[in-house]
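>>> output the structure for:
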Amino acid sequence: MPNSDMPVDPRNLSLREVQKSFYTLVTAPEGVAQGLSDQGQALEDLEAWIRKHGPLSSLERLDIYANMYFFRIRDILREEYSKVVACVGDGNFHNLVVDYLVARPPMHPSVRNAGERLPGYIAEHELGVERPWLAELAALERARIEMVDAADSAPLTVDHLRTLTPEDFAGLMVRLIPAHIVVDAQYAVDELWERLEQVGEEDPQEQEPEPAPRQILVWREDVLIYHRALDEDEAALWPLLREGVPFGVICERLAGQQEDTEAAARRAFELLGRWATHGVLVG
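Now for the predicted structure:
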């Protein structure tokens with residue numbers, strides 16, 4: 001609805017203005033009636049473009065949409081961020097979603113994207129300020145959601161590695177599959193996620209993850225989604241793997257970090273076998 005000090009006659013609203021007013025009222029945090037009042041409108045104004053139907057008034061009909069809007073999104077986010085719900089409780093999560101939808105209304109027509117900005121919002125919210133690891137746990141859950149429809153690619157397999165000659169390995173291109181995300185965390189939220197997966201909802205005293213800076217790899221193999229913390233060598237090599245690099249360069253990089261070149265080579269092959277086993281390299 002156009003911004004103006006003069007009220008607009010609802011009977012003269014364009015379709016675009018009706019759509020905008022409909023959305024504003026449906027998403028009003030304190031309900032349709034308060035939303036009408038905030039716009040300087042009365043019930044009669046609403047009835048000019050929303051008809052009564054049977055026993056339901058125009059306000060009651062619009063309230064149905066308003067309730068559906070909020071509860072549908074809340075239920076989706078409750079499922080997507082089930083570990084966050086387990087940590088804060090259902091009531092606190094309900095209030096968090098109310099605050100989130102007011103501060104960060106959905107910008108995409110698909111409900112799949114409704115919660116994409118929730119991890120960042122949690123970091124600013126009082127719940128996240130009290131528990132700074134909560135936003136990182138939400139980021140891990142979001143990363144797993146993003147993997148559902150990430151691009152497919154054929155992975156490098158251990159069976160293929162077994163067919164290579166020693167000379168082949170030096171030039172073998174090592175590159176990460178598209179279906180992966182690395183989450184930077186200051187707390188062991190991956191370990192907390194695993195504990196919550198086991199028990200569903202922890203004792204409040206057991207919810208605090210240990211401060212432990214790490215990078216958490218999230219990836220999809222076929223239809224299954226996994227995550228784990230990268231070790232120190234992997235984290236250092238990860239920028240190279242994103243771009244794609246010959247395996248020989250990885251060996252050289254590891255050799256430059258320790259005096260024992262044979263140990264460096266063993267370590268390089270150990271990492272290559274791990275990545276192939278987990279299906280995180282492009283075939």
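
>>> help me confirm that Glu221 comes into contact with Pro155.
Yes - Glu221 lies in contact with Pro155 (CB atoms under 8 Å); the separation is 7.2 Å. Placement of C-beta: from N, CA and C, glycine included.

>>> who's more crowded, those two?
Using other CB atoms under 10 Å as the criterion, Glu221 and Pro155 rank with Pro155 on top: 20 against 15.

>>> the more buried one is in contact with Thr277, isn't it?
No - counting by CB under 8 Å, Thr277 is not a contact partner of Pro155; they are 10.0 Å apart.

>>> on that earlier part again, joint contacts of Glu221 and Pro155?
Listed as contacting both Glu221 and Pro155 by CB atoms under 8 Å, 6 or more residues apart in numbering are 279-280.

>>> contact partners of the helix or strand Trp275 falls within?
Per DSSP states H and E, Trp275 falls inside helix 261-278. Helix 261-278 has contacts (CB under 8 Å, 6+ apart) with 155-158, 160-161, 174, 219, 221, 226, 233-234, 237, 241, 247, 250-251, 254-255, 257-258, 281.

>>> buried among these? Need that as a selection in ChimeraX.
Buried residues within the contacts of helix 261-278, by 16 or more other CB atoms under 10 Å, are selected in ChimeraX with:
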select :155,156,161,174,219,233,234,237,241,247,250,251,254,255,281
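
>>> narrow the contacts of helix 261-278 to those in strands?
Judged by DSSP state E, those include 174, 219, 221, 226 as members of strands.

>>> what count of nearby residues applies to the nearest residue to Phe247 once chain neighbours are set aside?
Among residues not flanking Phe247 along the chain, Leu172 sits closest, at 4.3 Å (CB to CB, 6 or more residues apart in numbering). Leu172 sits with 17 neighbouring residues when counted by other CB under 10 Å.

>>> surely Leu172 and Val245 touch.
No - contact criterion CB under 8 Å: Leu172 and Val245 do not qualify, at 9.9 Å.

>>> confidence-wise, which of the ones in strands among the contacts of helix 261-278 comes last?
Least confident of those in the model: Glu221, at 92.

>>> which stretches of the stretch 151-283 of the chain form helices?
Ranges of helices within the stretch 151-283 of the chain are 158-162, 166-171, 189-199, 232-243, 247-255, 261-278, based on DSSP state H, counting those that start in this stretch.

>>> please export the C-alpha coordinates of the shortest one as PDB.
As requested, the backbone C-alpha atoms of helix 158-162 are provided in PDB (Å, rounded to 0.1, in the frame of the first residue of the first chain):
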ATOM      1  CA  VAL A 158      39.000 -46.700  -3.900                       C
ATOM      2  CA  ASP A 159      38.500 -49.400  -6.600                       C
ATOM      3  CA  HIS A 160      39.700 -46.900  -9.200                       C
ATOM      4  CA  LEU A 161      42.700 -46.000  -7.100                       C
ATOM      5  CA  ARG A 162      43.700 -49.700  -7.000                       C
END
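
>>> so which elements touch it?
Helices and strands touching helix 158-162, by 3 or more CB pairs under 8 Å, 6 or more residues apart in numbering; DSSP states H and E, are helix 261-278.

>>> between the helix it packs on and helix 247-255, how many degrees?
Note on geometry: by axes from the mean of the first three to the mean of the last three CA atoms, to 10 degrees, helix 261-278 and helix 247-255 are set 130 degrees apart in direction.

>>> need the ones in strands among the contacts of helix 261-278 in CSV with distance to Pro209, can you?
Shown next, in CSV, are the ones in strands among the contacts of helix 261-278 (distance: CB to CB, whole Å):
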residue, distance to Pro209
Val174, 31
Trp219, 21
Glu221, 25
Tyr226, 19
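
>>> out of these, which comes closest to Glu141?
Nearest to Glu141 among the ones in strands among the contacts of helix 261-278: Tyr226, at 13.8 Å, using CB to CB.

>>> picking that back up, average pLDDT for the helix holding Trp275?
Per-residue scores along helix 261-278 average to 94.

>>> buried residues in that helix?
Residues of helix 261-278 classed as buried by neighbour count (16+ other CB under 10 Å): 264, 267-268, 271-272, 275-276, 278.
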